[in-house]
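Enquirer: build me a structure from this.
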Amino acid sequence: MTTPHPEKRQLASRTAGEVAAAAPLVLLVPVGSCEQHGPHLPLDTDTRVAVAVAERVAATRSGVVVAPAVAYGSSGEHQGFAGTLSIGTAALRAVLIELGRSALPAAEVGAFASLVFVNGHGGNHEALGEAVDLLVGEGRPVSAWWPSIAGGDAHAGRTETSLLLALDADAVGPERPVGATEPLTELLEPMRAGGLAAVAPNGVLGDATGASAEEGEALLAALVADLGDRLPVS
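Expert: Sure, this is the predicted structure:
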């Protein structure tokens, strides 16, 4: 199977006939959020990262296509900040389940050999885990992937700032804020009680000082390699 033309790596840019002719495909579904990312990063940071990783993997692997992103997630902890839009865990779980069932009809040979949810937001983990467990229990080849960066900070700090500088430097504001830098395990209880604003009024969990596009490119390369290694051979 040949590598598709760049714009054809996106499922939405293909016709139904083109999808059928290329089947079976590995379908990557980016899952992100619309939530505050401090005073310097855009609300769609998580979605941008998930889409970028998925598209870079599709660019290096034949038989892989990227679905339109699920751009709303479970972001209730960010509700105290303007612009955050959250659909919650239950709604997100239902969306992911129905997407999986639609892509992989039971007892049918369809266009897709498997589906991988490419997650960009930590708050989506519960919904993803439950959705994948149910879909796998129904016999569907579904899995989930999310970034794992050793030593990375949790939210809008150096890690995500570097990633966004690599992806779109013009989207990153001039500030490099320092927020709550305590271990996330120490922050979870007060966050559950009062949201992220209770522990980080500027919306940052980490320290964005020293973020760079060069670091972001290295992080992206590592994430792309990790996701690529986890995909079924096509």
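Enquirer: can you verify my assumption that Leu40 contacts Leu165?
Expert: For residue 40 the amino acid is His, not Leu. No - assessed by C-beta atoms under 8 Å, His40 is found out of contact with Leu165, at 10.2 Å. Where you see a C-beta, it was placed from the backbone N, CA and C, and this is true even at glycine.
Enquirer: need the overlap of contacts for the two.
Expert: The contact sets of His40 and Leu165 overlap at Val172 (C-beta atoms under 8 Å, 6 or more residues apart in numbering).
Enquirer: assumed Val51 was part of a helix.
Expert: Yes - membership of Val51 in a helix is supported by DSSP: H, G, I helix; E, B strand; the rest coil.
Enquirer: okay, it: pLDDT?
Expert: According to the prediction, Val51 has pLDDT 98.
Enquirer: pretty sure it is in contact with Ala69, am I right?
Expert: Yes - shown here, Val51 and Ala69 form a contact pair, counting by C-beta under 8 Å, at 5.3 Å.
Enquirer: when those two are compared, which one has more neighbours?
Expert: Val51 (24 against 20; other C-beta atoms under 10 Å).
Enquirer: show the contacting residues for the more buried one.
Expert: Taking C-beta under 8 Å, 6+ apart, we find Val51 in contact with 30, 32, 66, 69.
Enquirer: let's have those residues in JSON lines, adding pLDDT, distance to Ala113 and secondary structure.
Expert: Converted to JSON lines, the contacts of Val51 look like this (pLDDT from 0 to 100; distance: C-beta to C-beta, whole Å; DSSP: H, G, I helix; E, B strand; the rest coil):
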{"residue": "Pro30", "pLDDT": "98", "distance to Ala113": "18", "secondary structure": "strand"}
{"residue": "Gly32", "pLDDT": "98", "distance to Ala113": "24", "secondary structure": "coil"}
{"residue": "Val66", "pLDDT": "98", "distance to Ala113": "15", "secondary structure": "strand"}
{"residue": "Ala69", "pLDDT": "98", "distance to Ala113": "21", "secondary structure": "coil"}
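Enquirer: could those residues go into CSV alongside distance to Thr15?
Expert: As requested, those are arranged in CSV below (distance: C-beta to C-beta, whole Å):
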residue, distance to Thr15
Pro30, 21
Gly32, 26
Val66, 16
Ala69, 20
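Enquirer: just the closest of the residues you listed to Glu138, please.
Expert: Pro30 (22.5 Å; C-beta to C-beta).
Enquirer: low pLDDT regions in the protein?
Expert: In the predicted model of the chain, residues 1-8, 107-109, 233-234 satisfy pLDDT under 70.
Enquirer: so for it, the centremost residue is which one?
Expert: Gly120 (2.4 Å; C-alpha atoms, centre = their mean).
Enquirer: list the contacts of that one.
Expert: Neighbours of Gly120 in contact, by C-beta under 8 Å, 6+ apart: 30-33, 45-50, 53, 146-147.
Enquirer: pull the number of nearby residues for the nearest residue to Ala52 once chain neighbours are set aside.
Expert: Nearest non-adjacent residue to Ala52, counting by C-beta to C-beta, 6 or more residues apart in numbering: Leu167, 5.4 Å away. Leu167 has 18 neighbours, counted by other C-beta under 10 Å.
Enquirer: after the strand or helix carrying Leu167 comes which helix or strand?
Expert: Assigned by DSSP states H and E, Leu167 belongs to helix 158-168. Per DSSP H and E, the first helix or strand lying C-terminal to helix 158-168 is helix 184-194.
Enquirer: circling back to that earlier point, what's the residue nearest to the centre of the chain sitting at in phi/psi?
Expert: As for Gly120, its main-chain torsions (degrees, to the nearest 10) stand at phi -120, psi 0.
Enquirer: how much space separates it from Val31?
Expert: Going from Gly120 to Val31 by C-beta to C-beta, to the nearest Å gives 7 Å.
Enquirer: thanks a lot, see you next time.
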